[in-house]
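S.K.: could you work out the structure for the sequence below:
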Amino acid sequence: MAARILLIDDEPNVLSSLRRALTGQGCEILLAGSGPEALDILAQTEVAVIICDQRLPGMSGPQILAESIKLRPDAIRIALTQHADLKIAQRSINEGRVSHFLLKPWDNQHLRTVVREGVRRYELQQEIRRLHEVTSRQRDDLQQWSRLLERKVLERTEALHTAHEEMLDALVLALDSREHRTGGHSRRVAVYCLYLALEVGLAPEKLEDLYRGALLHDIGKIGVPDTVLLKPGSLSEKERTIIEQHVVIGHRVLQGIGYLKHALAIPRYHHERFDGTGYVERFAGTAIPLEARIFAVVDVYDALRSHRPYKDAMPHDQAFAIIADEAGTHFDPAIASTFLRIAKETWDSLARSAAKVNRFDRALAACGRIRADTRPRERSAAA
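M.R.: Prediction:
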């Protein structure tokens, strides 16, 4: 579409001369003999260039140009004047955003050059505006797609995380059932271990791996024959060697699973002893990973407190006495000390919660609630 040029002057012969000079420039020429007429045209029509005389009856040129800004802010404004009046020129520049002045009488060639330049500037501004709008829409579209993709990724991640948790839970149930542990041993020790880790001050970013490792601490027993694993009596030296290999088997099984590669410490080292007499590496002291040292305490506690085909469940106080007696030999004394400060009621609450939760986030929330509930009682007991 041809660019439109609006010519404003109260003298018809001036308008006629301007139109003749600009005819053939590829532009549509519009004429206005007064300010109100010009503003009416601008209200209805997009124009590229406005050429306005500065001395008009009623509304002055600077006033018309100032009003035109509200209607067509992108139009290029050119002032036409017969007198080089500095004050009028200043008003035109300040109020009307005039970019060029033409003196009467004008040179037609110069007029055409100025108008062509004005049209070019206007069209360039429009192209910049168009590109900006396109870029803005594309940015909005990109942000929308980014939000959609992020939501999809979160949904997929959550679904994958849920699938992992469900798989772990099913595997844990199968492992406990194989050893006839109908009391939920793996879930309990996982929750116990998580709670004790919070009390010990394990780094928060390690808690989920600790929980998974505790759940799967005995995964290696899938490689132990039932005749050895389920034997009711004492084991021979050869049978003990076979069953001790379950930590090696568990490590081998889990290290090939990407999302469990950081959860190996407990399955691999939970039978090491603080004095170095455990198996199979015979690590001692802090050479044993902290997660495994934490787990060792709660694993023995739950084993003592649980009924087995070959033994009855031990009372809490007796189990605590054994933990205290083996601090420094079997157990890290600092961790054992923290464990022994926790009341029986807390361990009972954790055991009840373990029967209801089968995901890390829920187990962590349950531990948080129990910690919050026990703090006031512990402060009252201390007082």
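
S.K.: quick one: average confidence on stretch 187-200?
M.R.: Taken as a whole, stretch 187-200 has a mean pLDDT of 96.

S.K.: do stretch 299-317 as well
M.R.: Mean predicted confidence for stretch 299-317 is 87.

S.K.: list the buried ones in that stretch?
M.R.: Of the residues in stretch 299-317, Asp299, Val300, Tyr301, Asp302, Ala303, Leu304, Arg305, Ser306, Met314, His316 count as buried by neighbour count, 16 or more other Cβ atoms under 10 Å. Glycine gets a C-beta too; all of them are placed from N, C-alpha and C.

S.K.: check stretch 132-143 too.
M.R.: In stretch 132-143, counting by 16+ other Cβ under 10 Å, buried: nothing.

S.K.: distance between that stretch and the chain's centre?
M.R.: How far stretch 132-143 lies from its chain's middle: 22 Å, per Cα atoms, centre = their mean, to the nearest Å.

S.K.: how about stretch 236-253?
M.R.: 43 Å.

S.K.: tell me where the stretch 151-300 of the chain has helices.
M.R.: 185-200, 207-215, 226-229, 237-244, 246-254, 265-269, 290-305 (DSSP state H, counting those that start in this stretch).

S.K.: looking at these, which is buried most?
M.R.: helix 265-269 (a mean of 26; mean count of other Cβ atoms under 10 Å).

S.K.: can you list contacts of stretch 241-259?
M.R.: The contact list for stretch 241-259 (Cβ atoms under 8 Å, 6 or more residues apart in numbering) reads 164, 216-225, 228-229, 235, 260-261, 263-264, 267-271, 279-280.

S.K.: could you export stretch 238-255 as CSV, CA atoms only?
M.R.: Listed next in CSV are the C-alpha coordinates belonging to stretch 238-255 (Å, rounded to 0.1, in the frame of the first residue of the first chain):
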residue,chain,number,x,y,z
LYS,A,238,31.3,-72.5,54.6
GLU,A,239,27.7,-71.4,54.9
ARG,A,240,28.7,-68.3,56.8
THR,A,241,31.2,-67.5,54.0
ILE,A,242,28.4,-67.9,51.4
ILE,A,243,26.0,-65.6,53.3
GLU,A,244,28.6,-63.0,53.9
GLN,A,245,28.9,-62.6,50.1
HIS,A,246,25.4,-61.1,50.0
VAL,A,247,27.0,-57.6,50.5
VAL,A,248,29.2,-58.1,47.4
ILE,A,249,26.3,-59.5,45.4
GLY,A,250,24.1,-56.5,46.4
HIS,A,251,26.8,-54.0,45.4
ARG,A,252,27.2,-55.7,42.0
VAL,A,253,23.4,-55.7,41.4
LEU,A,254,22.8,-52.1,42.3
GLN,A,255,25.9,-50.5,40.7
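
S.K.: pull out the buried positions in stretch 341-356.
M.R.: Ile342, Thr346, Trp347, Ser349, Leu350, Ala351, Ser353, Ala354.

S.K.: need the mean per-residue confidence for that stretch.
M.R.: Mean pLDDT, computed over stretch 341-356, is 94.

S.K.: got the CA positions of that stretch in PDB?
M.R.: The C-alpha trace of stretch 341-356 is given here as PDB (Å, rounded to 0.1, in the frame of the first residue of the first chain):
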ATOM      1  CA  ARG A 341      19.200 -40.500  73.600                       C
ATOM      2  CA  ILE A 342      16.000 -41.200  71.500                       C
ATOM      3  CA  ALA A 343      13.100 -42.400  73.600                       C
ATOM      4  CA  LYS A 344      11.300 -45.800  73.100                       C
ATOM      5  CA  GLU A 345       8.100 -43.900  72.300                       C
ATOM      6  CA  THR A 346       9.900 -42.300  69.300                       C
ATOM      7  CA  TRP A 347      11.000 -45.600  67.900                       C
ATOM      8  CA  ASP A 348       7.500 -47.000  68.400                       C
ATOM      9  CA  SER A 349       6.100 -44.000  66.500                       C
ATOM     10  CA  LEU A 350       8.600 -44.500  63.700                       C
ATOM     11  CA  ALA A 351       7.700 -48.200  63.500                       C
ATOM     12  CA  ARG A 352       4.000 -47.300  63.100                       C
ATOM     13  CA  SER A 353       4.800 -44.700  60.400                       C
ATOM     14  CA  ALA A 354       7.000 -47.100  58.500                       C
ATOM     15  CA  ALA A 355       4.000 -49.400  58.000                       C
ATOM     16  CA  LYS A 356       2.100 -46.600  56.300                       C
END
